[in-house]
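Enquirer: Here's my sequence, what's the structure:
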Amino acid sequence: MASPKIAIVLTALLILLSGSFAQLSTNFYATSCPNLLPTVRSVVNSAIQSEARMGASLVRLFFHDCFVNGCDGSILLDDTSSFTGEKTANPNRNSVRGFNVIDNIKSAVERACPGVVSCADILAIAARDSVNILGGPTWNVRLGRRDARTASLSGANNNIPPPTSTLSTLISRYASFGLSARDLVALSGFLLLVFSFLNPKVILFL
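Expert: Prediction:
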(Lines give C-alpha, C1' and ligand atoms only; values in the text may rest on other atoms or scores of the structure.)
Protein backbone atom coordinates (compact mmCIF):
# COMPACT_ATOMS: atom_id res chain seq x y z
CA MET A 1 0.00 0.00 0.00
CA ALA A 2 2.78 2.44 0.91
CA SER A 3 5.02 3.60 -1.92
CA PRO A 4 8.38 1.77 -2.10
CA LYS A 5 10.45 4.90 -1.37
CA ILE A 6 8.39 5.85 1.67
CA ALA A 7 8.40 2.26 2.92
CA ILE A 8 12.19 2.02 2.68
CA VAL A 9 12.81 5.27 4.54
CA LEU A 10 10.14 4.44 7.12
CA THR A 11 11.80 1.08 7.69
CA ALA A 12 15.15 2.75 8.35
CA LEU A 13 13.46 5.19 10.71
CA LEU A 14 11.68 2.46 12.66
CA ILE A 15 14.89 0.46 12.93
CA LEU A 16 16.63 3.55 14.31
CA LEU A 17 13.96 4.05 16.96
CA SER A 18 13.55 0.34 17.66
CA GLY A 19 17.23 0.04 18.44
CA SER A 20 17.64 3.25 20.39
CA PHE A 21 18.63 1.46 23.59
CA ALA A 22 22.00 -0.13 24.31
CA GLN A 23 22.54 -3.89 24.53
CA LEU A 24 19.42 -4.90 22.65
CA SER A 25 19.42 -8.15 20.71
CA THR A 26 17.30 -9.66 17.95
CA ASN A 27 17.36 -13.02 19.76
CA PHE A 28 16.73 -11.68 23.27
CA TYR A 29 13.69 -13.95 23.79
CA ALA A 30 14.91 -16.88 21.69
CA THR A 31 14.98 -19.17 24.72
CA SER A 32 12.60 -17.53 27.18
CA CYS A 33 9.77 -16.94 24.70
CA PRO A 34 10.47 -18.71 21.40
CA ASN A 35 6.95 -18.15 20.03
CA LEU A 36 6.89 -14.42 20.72
CA LEU A 37 7.09 -13.15 17.15
CA PRO A 38 4.37 -15.33 15.61
CA THR A 39 2.16 -14.65 18.63
CA VAL A 40 2.44 -10.89 18.19
CA ARG A 41 2.00 -11.04 14.43
CA SER A 42 -1.12 -13.16 14.68
CA VAL A 43 -2.89 -10.63 16.89
CA VAL A 44 -1.71 -7.65 14.81
CA ASN A 45 -2.86 -9.36 11.62
CA SER A 46 -6.31 -10.08 13.09
CA ALA A 47 -6.63 -6.46 14.22
CA ILE A 48 -5.71 -5.12 10.78
CA GLN A 49 -8.05 -7.56 9.06
CA SER A 50 -10.85 -6.24 11.27
CA GLU A 51 -9.89 -2.60 10.70
CA ALA A 52 -7.17 -1.89 8.17
CA ARG A 53 -6.23 1.55 9.49
CA MET A 54 -5.28 -0.02 12.82
CA GLY A 55 -1.87 -0.77 11.31
CA ALA A 56 -1.11 2.90 10.86
CA SER A 57 -2.50 3.60 14.32
CA LEU A 58 -0.05 1.13 15.89
CA VAL A 59 2.89 2.72 14.05
CA ARG A 60 1.77 6.14 15.27
CA LEU A 61 1.35 4.83 18.82
CA PHE A 62 4.93 3.57 18.73
CA PHE A 63 6.29 6.91 17.57
CA HIS A 64 4.39 8.85 20.19
CA ASP A 65 5.84 6.51 22.81
CA CYS A 66 9.40 6.94 21.53
CA PHE A 67 9.19 10.74 21.53
CA VAL A 68 8.89 10.76 25.34
CA ASN A 69 11.92 9.36 27.19
CA GLY A 70 12.58 6.76 24.51
CA CYS A 71 10.70 3.64 23.42
CA ASP A 72 9.86 2.40 26.90
CA GLY A 73 6.10 1.79 26.71
CA SER A 74 5.31 4.76 28.96
CA ILE A 75 2.45 5.80 26.69
CA LEU A 76 0.62 2.61 27.68
CA LEU A 77 0.50 3.47 31.40
CA ASP A 78 -2.73 4.65 32.99
CA ASP A 79 -2.88 7.41 35.59
CA THR A 80 -1.92 6.47 39.14
CA SER A 81 -1.85 8.29 42.47
CA SER A 82 1.80 9.19 41.87
CA PHE A 83 1.75 10.34 38.23
CA THR A 84 -0.53 11.37 35.38
CA GLY A 85 -0.06 9.24 32.30
CA GLU A 86 0.62 10.36 28.75
CA LYS A 87 -2.70 9.24 27.26
CA THR A 88 -4.34 12.55 28.15
CA ALA A 89 -1.53 14.73 26.79
CA ASN A 90 -2.72 17.19 24.15
CA PRO A 91 -1.09 15.34 21.20
CA ASN A 92 -2.54 12.01 22.42
CA ARG A 93 -5.99 12.79 23.80
CA ASN A 94 -8.73 11.44 21.51
CA SER A 95 -6.00 10.86 18.94
CA VAL A 96 -3.68 7.91 19.51
CA ARG A 97 -5.36 4.54 19.47
CA GLY A 98 -4.55 0.85 19.41
CA PHE A 99 -4.20 0.38 23.17
CA ASN A 100 -6.74 -2.45 23.06
CA VAL A 101 -4.66 -4.25 20.43
CA ILE A 102 -1.53 -3.99 22.57
CA ASP A 103 -3.56 -5.31 25.52
CA ASN A 104 -4.71 -8.27 23.41
CA ILE A 105 -1.14 -8.97 22.30
CA LYS A 106 0.10 -8.77 25.88
CA SER A 107 -2.58 -11.26 27.00
CA ALA A 108 -1.62 -13.70 24.23
CA VAL A 109 2.09 -13.35 25.00
CA GLU A 110 1.46 -13.85 28.72
CA ARG A 111 -0.31 -17.11 27.96
CA ALA A 112 2.71 -18.26 25.95
CA CYS A 113 5.42 -17.07 28.36
CA PRO A 114 4.22 -15.37 31.55
CA GLY A 115 6.20 -12.48 32.98
CA VAL A 116 8.91 -12.46 30.35
CA VAL A 117 8.25 -9.95 27.55
CA SER A 118 8.05 -6.20 28.10
CA CYS A 119 5.20 -4.12 26.72
CA ALA A 120 7.79 -1.80 25.19
CA ASP A 121 9.12 -4.68 23.08
CA ILE A 122 5.60 -5.75 22.15
CA LEU A 123 4.86 -2.26 20.85
CA ALA A 124 8.06 -2.19 18.79
CA ILE A 125 7.28 -5.58 17.23
CA ALA A 126 3.66 -4.59 16.56
CA ALA A 127 4.81 -1.46 14.70
CA ARG A 128 7.16 -3.52 12.52
CA ASP A 129 4.48 -6.11 11.78
CA SER A 130 1.96 -3.38 10.94
CA VAL A 131 4.26 -1.93 8.28
CA ASN A 132 4.86 -5.36 6.79
CA ILE A 133 1.21 -6.49 6.83
CA LEU A 134 0.21 -3.25 5.11
CA GLY A 135 2.57 -4.03 2.24
CA GLY A 136 5.88 -2.63 3.47
CA PRO A 137 9.14 -4.45 4.18
CA THR A 138 10.10 -6.30 7.33
CA TRP A 139 13.22 -6.23 9.47
CA ASN A 140 14.68 -7.76 12.62
CA VAL A 141 13.63 -5.85 15.73
CA ARG A 142 16.24 -5.60 18.46
CA LEU A 143 14.64 -6.51 21.77
CA GLY A 144 15.31 -6.35 25.48
CA ARG A 145 13.70 -3.06 26.55
CA ARG A 146 12.54 -2.59 30.10
CA ASP A 147 9.10 -1.14 30.66
CA ALA A 148 8.78 2.34 32.11
CA ARG A 149 7.63 2.53 35.72
CA THR A 150 6.33 6.06 35.30
CA ALA A 151 5.09 8.39 32.58
CA SER A 152 5.54 12.06 31.75
CA LEU A 153 2.52 14.14 30.83
CA SER A 154 4.71 17.22 30.47
CA GLY A 155 7.16 15.29 28.31
CA ALA A 156 4.36 14.22 25.98
CA ASN A 157 3.00 17.74 25.77
CA ASN A 158 6.43 19.24 25.12
CA ASN A 159 8.10 16.61 22.93
CA ILE A 160 5.38 15.31 20.63
CA PRO A 161 4.80 17.84 17.84
CA PRO A 162 1.28 19.32 18.02
CA PRO A 163 -0.85 19.69 14.87
CA THR A 164 -0.19 23.44 14.93
CA SER A 165 3.56 22.97 14.47
CA THR A 166 5.27 24.82 11.65
CA LEU A 167 7.56 22.93 9.28
CA SER A 168 10.64 24.43 10.91
CA THR A 169 9.38 23.38 14.34
CA LEU A 170 8.77 19.83 13.14
CA ILE A 171 12.22 19.57 11.57
CA SER A 172 13.83 20.93 14.74
CA ARG A 173 11.85 18.56 16.96
CA TYR A 174 12.81 15.53 14.87
CA ALA A 175 16.45 16.67 14.77
CA SER A 176 16.54 16.67 18.58
CA PHE A 177 15.98 12.91 18.39
CA GLY A 178 18.62 12.39 15.73
CA LEU A 179 16.03 12.23 12.95
CA SER A 180 16.15 14.08 9.65
CA ALA A 181 13.64 15.97 7.53
CA ARG A 182 13.53 12.89 5.33
CA ASP A 183 12.50 10.81 8.36
CA LEU A 184 9.73 13.32 9.03
CA VAL A 185 8.46 13.01 5.48
CA ALA A 186 8.62 9.21 5.61
CA LEU A 187 6.57 8.90 8.77
CA SER A 188 4.03 11.55 7.79
CA GLY A 189 3.74 10.19 4.27
CA PHE A 190 3.23 6.60 5.36
CA LEU A 191 0.54 7.43 7.88
CA LEU A 192 -1.22 9.87 5.56
CA LEU A 193 -1.17 7.40 2.67
CA VAL A 194 -2.71 4.65 4.79
CA PHE A 195 -5.35 6.83 6.38
CA SER A 196 -6.30 8.62 3.16
CA PHE A 197 -6.46 5.33 1.26
CA LEU A 198 -8.93 3.97 3.77
CA ASN A 199 -10.85 7.21 4.27
CA PRO A 200 -10.23 10.09 1.85
CA LYS A 201 -11.88 12.50 4.29
CA VAL A 202 -9.34 11.82 7.02
CA ILE A 203 -6.61 14.39 7.58
CA LEU A 204 -3.96 13.10 9.95
CA PHE A 205 -1.83 15.35 12.09
CA LEU A 206 1.15 13.90 13.89
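
Enquirer: Against S74, how distant is the most far-flung residue of the chain relative to its centre?
Expert: In the chain, counting by CA atoms, centre = their mean, S81 sits farthest out from the average C-alpha position, at 26.2 Å. According to CB to CB, to the nearest Å, S81 and S74 sit 17 Å apart. Bear in mind the C-beta positions are built from the backbone N, C-alpha and C, glycine included.

Enquirer: Kindly report the same for R111.
Expert: Counting by CB to CB - R111 and S74 are separated by 25 Å.

Enquirer: more crowded one of these two?
Expert: Taking other CB atoms under 10 Å, R111 and S74 do not tie; S74 has more neighbours (25 against 9).

Enquirer: Tell me which residues touch the more buried one, please.
Expert: Listed by CB atoms under 8 Å, 6 or more residues apart in numbering, the contact partners of S74 are 65, 68, 85-86, 148, 150-152.

Enquirer: repeat that with 7 Å
Expert: Residues in contact with S74 (CB atoms under 7 Å, 6 or more residues apart in numbering) are 65, 68, 86, 148, 151-152.

Enquirer: can you check I75 too?
Expert: 61, 64-65, 68, 86-87.

Enquirer: Pick the one among these closest to G144.
Expert: Nearest to G144 among the contacts of I75, counting by CB to CB, is D65 at 16.2 Å.

Enquirer: Got the phi and psi for N140?
Expert: Torsion angles at N140 (phi, psi; degrees, to the nearest 10) stand at phi -80, psi 120.

Enquirer: rewinding a little: same list (the contacts of I75) but as a markdown table, adding pLDDT.
Expert: Shown next, in a markdown table, are those (pLDDT from 0 to 100):
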| residue | pLDDT |
| --- | --- |
| L61 | 93 |
| H64 | 91 |
| D65 | 93 |
| V68 | 90 |
| E86 | 97 |
| K87 | 96 |
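
Enquirer: for the residues you listed, which one is nearest N27?
Expert: D65 (23.2 Å).

Enquirer: excluding its backbone neighbours, what's nearest the most centrally placed residue in the chain?
Expert: In the chain, the residue lying closest to the centroid (CA atoms, centre = their mean) is F62, at 1.4 Å. In space, not counting the residues next to it along the chain, F62 is nearest to A127; the distance is 3.8 Å by CB to CB, 6 or more residues apart in numbering.

Enquirer: Assumed the one you found was part of a strand.
Expert: No. A127 is assigned helix when assessed by DSSP: H, G, I helix; E, B strand; the rest coil, not a strand.
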